[in-house]
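build the 3D model from these lines:
(one chain, ligands or ions: 1)
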Amino acid sequence: MKVVIIGASFAGVSAALAIRKKHPKAEIQLIDKQRTIGYLPGGINLYFNEMIDPIETAQFISEQELVNNEISLLLNAKVVSMDSKQHIIKYEKDGSDFFMSFDKLILATGSSQWSQQIIGSDSEKVLKYKFLPGVRQAIEQLENSDKVALIGGGQIGGEAADTLLKKGKEVHLFERMDYLLFKYFDEEMIQPVQAEMSARGVVFHFDETVEKVIDIDEGLLIKTKKSELFCDSAIFAMNVRPDLRYLDEHIKRHTDQTIFVNDYLQTSQADIFAIGDCIQVPYSLSEESFYIPLVNNAVRTGLVVAQNLIELTTPFVGSIRTIGTKLVDHYVASTGLTEAEGAFYEQSISIAHVQQKSSLFSGSETIFGKIIFEKESHKLLGAQLVSKADILEKINTLALGIQMGQTLETFYQKDFLYHPYYSNVIDITNQLGFEGLWSETDEN
Ligand code: FAD
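Numbering: from 1, shown residues only. The predicted model follows:
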């Protein structure tokens, strides 16, 4: 069996390694248009925060590891078209065209940072650093910029703001919604982080959609309906999107242009599968699917597709959008539904807030927690944590409870470790379940 995988990043590499385990004799060919593999998109923050140097070390896998697994790698090769019925792809390398046949094809071409909505956002001064060539350019340009505009207040924009503050830059953040990280947090949870960013100098432009970027000799002019700002450079921190011009008409797509797949990650062509940032994933809390470009979805779809190549055995369980990061000395983490999104949820929801010390003795920072659950059934739907203590891993426990469909009643009883120095007497995650129950009583 010859398996060709287009895209050698998180999704493609995880699929290749899993297929090697499941099908020891398969011929596996990874193809990528980049010249290197395995770059970590958040690497620029690690570099500027002096956690890594040089930037090239922000890598999750090496070519040698693929060789060790007998996976062939073709780099600097861009797939430009395909004939899905004939099982052939066409790619360009060094100015020439080549063809390659396959028995099974996996589309793992991910996404990149581009927008048709913002006129002028393709300017070189609007920095896009998902891949290594872009990050090299961004490092050089940011070193020489004093005033930087961030277009987008999600995780990428938040992390960039944090990094640039430490570098002493003047930071302006544009966001069309009225607070930071709105997809993941309710406003009251993220407010302390936002206040701290303001105190350290970030100028927020909330409720402002960037419409145009004008490249002028000395820098950039950022235009919204409400204002204009001159800056030295800008960072494209909006949602990423797939570029799938190489597909033929037999591969069905959604209206947002992502590739349509069934529960088994199979496209509308039986021997062709798609994974990672070029597909929508099922939302584990409803019947819908959504576009949520995250490494964890890319890696998990890569693992699952390996099971389904010959026989469709393993449906992909979907996503509840679990994230975590550190911004201005606050660890922030979120999973599942927010309270704001609850307005669109099919059942009535309830919420509870909890404040608790992270541990009794080893640095007693306060953890602020919030849980969102179905009012009637008490099924867990979402959770948010914010603290100066490192609570990032705890969100994974909450995510598991939500994915397993647990209720407050089972979740508050779950096992947890207790240690007199390192933990509190009840884990914040259990406490959230417990407070959820009592919040109902408090209301009555
Ligand atoms: P990609 O990583 O996009 O890789 C696709 C690969 O396909 C690329 O190597 C590309 O060169 C190749 N390719 C594309 N088209 C072709 C073609 N026609 N021919 C050949 N090769 C092709 N997510 C998180 O969960 N946590 C984070 O902290 C995080 N930080 C991020 C920071 C930034 C700045 C950005 C932009 C994104 C971040 N993300 C983060 C999102 C994350 O990067 C993506 O979800 C992830 O990279 C998706 O992996 P993928 O393998 O599906 O696709």
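
just name the shakiest helix or strand of this protein by mean pLDDT.
Ranked by mean pLDDT, DSSP states H and E, the weakest helix or strand in the chain is helix 428-443, scoring a mean of 86.

ok, the closest residue to Asn45 other than its chain neighbours to Phe230 distance?
Leaving out its chain neighbours, the residue that sits closest to Asn45 by C-beta to C-beta, 6 or more residues apart in numbering is Thr163, at 4.7 Å. The C-beta positions use only the backbone N, C-alpha and C, and glycine is treated the same way. Distance of Thr163 to Phe230, given as C-beta to C-beta, to the nearest Å: 22 Å.

could you do Glu175 as well?
19 Å.

check Glu170 too.
Glu170 is 11 Å from Phe230, by C-beta to C-beta.

the more surrounded of the two?
Taking neighbours as other C-beta atoms under 10 Å, Glu170 and Phe230 compare with Glu170 leading, 16 against 13.

who are the contact partners of that one?
Residues near Glu170 by C-beta atoms under 8 Å, 6 or more residues apart in numbering: Asp146, Lys147, Val148, Gly201, Val203.

which residues sit in contact with the fourth one?
Okay, so that is Gly201. Counting by C-beta under 8 Å, 6+ apart, Gly201 touches Leu165, Glu170, Val171.

run through the stretch 301-444 of the chain and note the low-pLDDT ranges.
Applying pLDDT under 70 to the stretch 301-444 of the chain flags the ranges 440-444.

all helices of it, in order?
With DSSP state H, counting those that start in this stretch as the criterion, the stretch 301-444 of the chain has helices at 394-403, 408-411, 428-443.

could you export these as CSV, including distance to the ligand?
Formatted as CSV, these follow (distance: least, C-beta to the nearest ligand atom, whole Å):
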stretch, distance to the ligand
helix 394-403, 13
helix 408-411, 25
helix 428-443, 21
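
so which of those helices is the most packed in?
Highest mean neighbour count among these (mean count of other C-beta atoms under 10 Å): helix 394-403, with a mean of 22.

now the angle between helix 428-443 and it, please.
60 degrees (axes from the mean of the first three to the mean of the last three C-alpha atoms, to 10 degrees).

give the contact list for the residue of the stretch 1-150 of the chain found nearest the ligand.
Closest to the ligand within the stretch 1-150 of the chain is Gly110: 2.1 Å, counting by C-beta to the nearest ligand atom. Going by C-beta under 8 Å, 6+ apart, Gly110 touches Gly7, Ser9, Phe10, Ala11, Val240, Pro242, Gly276, Asp277, Cys278, Pro293, Ala298.

can you pull the contacts of the residue nearest to the first one when sequence neighbours are not counted?
Looking back up the chat, that one is Gly7. Spatial nearest neighbour of Gly7, chain neighbours left out: Ala108 (3.5 Å); criterion: C-beta to C-beta, 6+ apart. Residues counted as contacts of Ala108 (C-beta under 8 Å, 6+ apart) are 5-9, 11-12, 15, 274-276, 278, 298, 302.

sorry, back to before: so what sits against both of Glu170 and Phe230?
Shared contacts of Glu170 and Phe230, counting by C-beta under 8 Å, 6+ apart, come down to Lys147.

stretch 115-130 near the ligand at all?
Yes. Judged by C-beta under 6 Å from any ligand atom, stretch 115-130 and the ligand are in contact via Tyr129, Lys130.

going forward, begin numbering at 24 instead of 1
With 24 as the first residue, the last one maps to stretch 138-153.

pretty sure Ser291 sits against Asp271.
No. The criterion here is C-beta atoms under 8 Å, and Ser291 misses it with Asp271 at 10.8 Å.

Asp333: neighbouring residues, count only.
Residue 333: Ile, not Asp. Residues contacting Ile333 under the criterion other C-beta under 10 Å number 11.

ok, it - contacts?
Counting by C-beta under 8 Å, 6+ apart, Ile333 touches Met24, His46.

now the phi/psi pair for it, please.
Main-chain torsions, Ile333, degrees, to the nearest 10: phi -90, psi -40.
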